[in-house]
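Peer 1: Structure, please.
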Amino acid sequence: MLSDDRPATRLATRLAFLVAGFGIACWAPLVPFAKTRLGVDDGMLGLLLLSLGIGSVLAMLLTGVLSARYGSRPIIIAGGLSLALVLPLLVIASSPGALALALFAFGAALGSIDVAMNIHAVEVERAAARPLMSGFHALFSIGGFAGSALMTALLSLQFGALTCALVCSILMLIAMLVTWPRLLRSAQVQEGPLFVLPHGSVLLLALLGAITFLVEGAMLDWGALLVIGAGLVSEAQGGAGYMVFSIAMTVGRLGGDAVVARIGDRAALLWGSLIAIAGFVVLLTAPVATVAIAGFLLIGLGASNLVPVLFRGAAKQKAMPTGLAVAAITTAGYAGVLIGPAGIGFVARASGLPTAFWLLAALMGVVTLSAGIVTKEQHRTSRARA
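Peer 2: Numbering: from 1, shown residues only. Modelled structure (predicted):
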């Protein structure tokens, strides 16, 4: 019987992450076109975009159930193909209702492949008996950069929005056709109940996942406003910090597997969270723009490998089936991205944006304090094998 850890299965996993990041990033540059086409205001647009989040969360919950029974392979295939096929519908939707339905379907495709590809990655990494998760997640970041860059470039060349969407869809379909035959066929099917409420160590992993995803979402939505409000940069330069943060996240994940293999999961969580906290301190006390950019860099590097380690923890825990645990962490993380930035807005309104960012630093301290707890089961397993 062939090992689950083969060049083909690693390639398939990387392509699944690449397609997921590429697909969601292709939609972002199309949002202004959708708003203009439908003639909706910001409030209505916000409600429409909520359809994407609802579809994603519902699909994540359902994927945990389905993968526990049928494995991750069919869900990755269905999710990736659906992303490619639904993307053009977002461009041709002629009414708010039609766009809401298309966004719901797009979100469901994204949510399903997001959970399933992480379950698949857990299985491949388990067979390899060495860290691979950071490298897989790096491909999501690379896909996001490639998708937004390609879509923006095509639109800048005055191609129509539908043409741009079709080009990107064809590329995703090609990637999924390469992925399809290389995915694991002997999926880790779970026996027992199809639904289990998160409990035990999974509950803590989900909480830490929500915190780390919240930090990522906050850097995207509020990072530029923080440095602009502090008078460190102009509005035109506000995005520089997030750009540095994204590059640091990607670079950190590309080298993360080698680092984690050397220092272990506990040290990766401990030192990663401490570096991120140091980045917040630098960012919030920066007297000039250069120092603030260094803060973005430290936060990106520190946070880069936290999520991959948490997903690895889902594979090692014994409280729940792996597929359901991965779904719980993914759903909690996505909830952090959706709800967290809005919460930061409320805190910022009451106490100022810097206070909200100090609160993020404090939440990252929860990851630091929990590093030993979430890796305790891994140490017990290692000693048992020894």
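Peer 1: who's in contact with residue 136?
Peer 2: The contact partners of residue 136, taken as C-beta atoms under 8 Å, 6 or more residues apart in numbering, are 13, 14, 17, 117, 121, 308. All C-beta atoms are positioned from the backbone trio N, CA, C, and that covers glycine.
Peer 1: make it 10 Å
Peer 2: 10, 13-14, 16-18, 117-118, 120-122, 124-125, 253, 257, 308, 311 (C-beta atoms under 10 Å, 6 or more residues apart in numbering).
Peer 1: How far away from the center of its chain is stretch 256-276?
Peer 2: Averaging C-alpha positions (C-alpha atoms, centre = their mean, to the nearest Å) puts stretch 256-276 19 Å from its chain's average.
Peer 1: ranges for the helices of the stretch 1-150 of the chain?
Peer 2: Taking DSSP state H, counting those that start in this stretch as the test, the helices found in the stretch 1-150 of the chain are 7-27, 31-38, 42-70, 73-92, 96-128, 133-156.
Peer 1: how about CSV for the ones you listed, with mean pLDDT and distance to residue 172 added?
Peer 2: What follows is the helices of the stretch 1-150 of the chain, written out as CSV (pLDDT from 0 to 100; distance: least, C-beta to C-beta, whole Å):
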stretch, mean pLDDT, distance to residue 172
helix 7-27, 92, 5
helix 31-38, 84, 19
helix 42-70, 82, 17
helix 73-92, 94, 4
helix 96-128, 91, 10
helix 133-156, 88, 9
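Peer 1: just checking, residue 314 touches residue 328?
Peer 2: Yes: between residue 314 and residue 328 there is a contact at 7.9 Å, judged by C-beta atoms under 10 Å.
Peer 1: Tell me the residues that contact both of these two, please.
Peer 2: Common neighbours of residue 314 and residue 328, using C-beta under 10 Å, 6+ apart, are 202, 205, 206, 209, 320.
Peer 1: what's around the first one, how many residues?
Peer 2: By that I understand residue 202. Counted with other C-beta atoms under 10 Å, the burial measure for residue 202 works out to 26 neighbours.
Peer 1: distance of it from residue 149?
Peer 2: Remark: distance between residue 202 and residue 149 (C-beta to C-beta, to the nearest Å) = 36 Å.
Peer 1: Please apply the same query to the third one.
Peer 2: With distances taken as C-beta to C-beta, residue 206 is found 32 Å from residue 149.
Peer 1: List the buried residues in stretch 239-251.
Peer 2: Taking 16 or more other C-beta atoms under 10 Å as the neighbour-count basis, stretch 239-251 is seen to contain the buried residues 240, 241, 242, 244, 245, 246, 247, 248, 249, 250, 251.
Peer 1: related to what we said a few turns ago, mind checking which of residue 206 and residue 149 has more residues around it?
Peer 2: In this comparison of residue 206 against residue 149, neighbours counted by other C-beta under 10 Å, the higher total goes to residue 206 at 23 against 12.
Peer 1: Surely that one is in contact with residue 324?
Peer 2: No: using C-beta under 10 Å, residue 206 makes no contact with residue 324, being 11.1 Å away.
Peer 1: thinking again about what came up before, let me know the closest of the shared contacts of residue 314 and residue 328 to residue 26.
Peer 2: Lowest distance from residue 26 to those (C-beta to C-beta) belongs to residue 209, with 25.1 Å.
Peer 1: which stretch of helix or strand covers that closest one?
Peer 2: Under the criterion DSSP states H and E, the helix or strand holding residue 209 is helix 201-229.
Peer 1: Quick one: distance of that helix to the chain centre.
Peer 2: How far helix 201-229 lies from its chain's middle: 11 Å, per C-alpha atoms, centre = their mean.
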